[in-house]
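Enquirer: Would you be able to build a 3D model of this:
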Amino acid sequence: MILLLHHRYRHVGGEERAVRDLEWLIREHLHEDVEVLERDSAAVGQRDAALGLIRGGLRPDEITKAVQRTGARVVHAHNVNPTFGWRGLAAARQAGARVVLHLHNYRLVCAVATCFTRGEDCTRCHGRNTLPGLRLNCRGGSRVESAAYAASLALWQKRITGAADEIVVPSAFALARLRELGAPLGGKARVLGSVQRDFADASNAANGEFVLAAGRLTPEKGFADVLEACGQAGLPLVIAGDGPQRAELEARAAAEGRLAAAGDPMGGGGEKSDRS
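Expert: From the prediction side, this is the model:
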């Protein structure tokens, strides 16, 4: 029995997909029982989120009871902020489960998890020195929120990795970046590629009618670069997604005369006005 642990983000994205893909892989190909224990940021108030960060987790007894109830031999933890924390991982180990910590991003050191702020790559925070993130208010909300993240990361990053038996990351680049940031990985970390449910026998890209870019519309995802590149190459572009950068991308596409009617792929690097 494997218990997957995940605190869902307010804006659902790739990490939620990764959890579901692992659930499928474990059940269908490892032929093991699997259960998902989730909490949801959309249902957690600011006060509880801040308390969870500062305390290193809330209600660890819930994880203890889940391990005991299911008989889980492994707890595979994904996002643990703000309410699972190191206390949740420690509770799983104390209940007799081995703990795998899956680092999909750089949240051990970086408050926004992407090493991207003010329109550029950023590695100012290093190890327990999270003051640059507080000074720059990288979270973009209140200073109180930024302070809670800065304090939590500095206080508990070693406790989080110390509570894990194994640490996995999605790529060699991610592992190298975490080490560059001074994340306390020790010798536990290794690369584990993402689950792929289907494989194409060959590429059909040459037969396509337009370029498709899909994802959450945020600056660090590089959609503005895709828009510019397709414009220079004279290729039609469809962007599928939503997010805080949507209005900016639409305005840019409209200013450059590339925004076509909804539902139509656009020539010259245009962007669709409706996104799924």
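
Enquirer: what about the strands in the stretch 101-250 of the chain?
Expert: 116-117, 120-121, 166-169, 189-191, 211-214, 237-240 (DSSP state E, counting those that start in this stretch).

Enquirer: Just tell me which of those ends up closest to residue 34.
Expert: Evaluated with CB to CB, the strands of the stretch 101-250 of the chain place strand 166-169 nearest to residue 34, the distance being 16.5 Å. Where C-beta positions appear, they are placed from N, C-alpha and C, glycine not excepted.

Enquirer: Partner strands of that closest one and their direction?
Expert: strand 98-102 (parallel), strand 189-191 (parallel) (DSSP bridges).

Enquirer: Which among these is found nearest to residue 62?
Expert: Short answer: strand 98-102, nearest of those by CB to CB, at 15.3 Å.

Enquirer: circling back to that earlier point, can the strands paired with strand 166-169 go into TSV with extra columns for mean neighbour count?
Expert: Output for the strands paired with strand 166-169, formatted as TSV (neighbours: other CB atoms under 10 Å):
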stretch	mean neighbour count
strand 98-102	21
strand 189-191	14
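
Enquirer: Of all those strands, which one is nearest residue 134?
Expert: So among the strands paired with strand 166-169, strand 98-102 is nearest, using CB to CB, at 24.6 Å.

Enquirer: how many neighbours does residue 30 have?
Expert: Neighbours of residue 30 under the rule other CB atoms under 10 Å: 11.

Enquirer: now the one 4 residues further on
Expert: A total of 20 residues lie near residue 34 under the criterion other CB under 10 Å.

Enquirer: Name the residues of the longest helix anywhere in the chain that come out as buried.
Expert: Counting by DSSP state H, the longest helix found in the chain is helix 143-162. For helix 143-162, the buried set under the neighbour-count rule, 16 or more other CB atoms under 10 Å, comprises 145-150, 152-161.

Enquirer: Against which helices or strands is it packed?
Expert: helix 46-55, helix 85-94, helix 131-135 (3 or more CB pairs under 8 Å, 6 or more residues apart in numbering; DSSP states H and E).

Enquirer: Let's have the ones you listed in CSV, adding mean pLDDT and distance to residue 215.
Expert: Listed next are the helices and strands packed on helix 143-162 as CSV, based on pLDDT from 0 to 100; distance: least, CB to CB, whole Å:
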stretch, mean pLDDT, distance to residue 215
helix 46-55, 94, 25
helix 85-94, 98, 28
helix 131-135, 95, 24
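
Enquirer: thinking again about what came up before, quick one: closest of the strands of the stretch 101-250 of the chain to residue 65.
Expert: Minimum separation from residue 65 across those (CB to CB) falls at strand 166-169, 23.3 Å.

Enquirer: Off-centre distance for the closest one?
Expert: 15 Å (CA atoms, centre = their mean, to the nearest Å).

Enquirer: Now do the buried residues in that strand.
Expert: Within strand 166-169, the residues scored as buried using 16+ other CB under 10 Å are 167-169.

Enquirer: hmm, back to that, reformat the strands paired with strand 166-169 as CSV; add mean pLDDT and distance to residue 138.
Expert: Formatted as CSV, those follow (pLDDT from 0 to 100; distance: least, CB to CB, whole Å):
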stretch, mean pLDDT, distance to residue 138
strand 98-102, 98, 23
strand 189-191, 96, 24
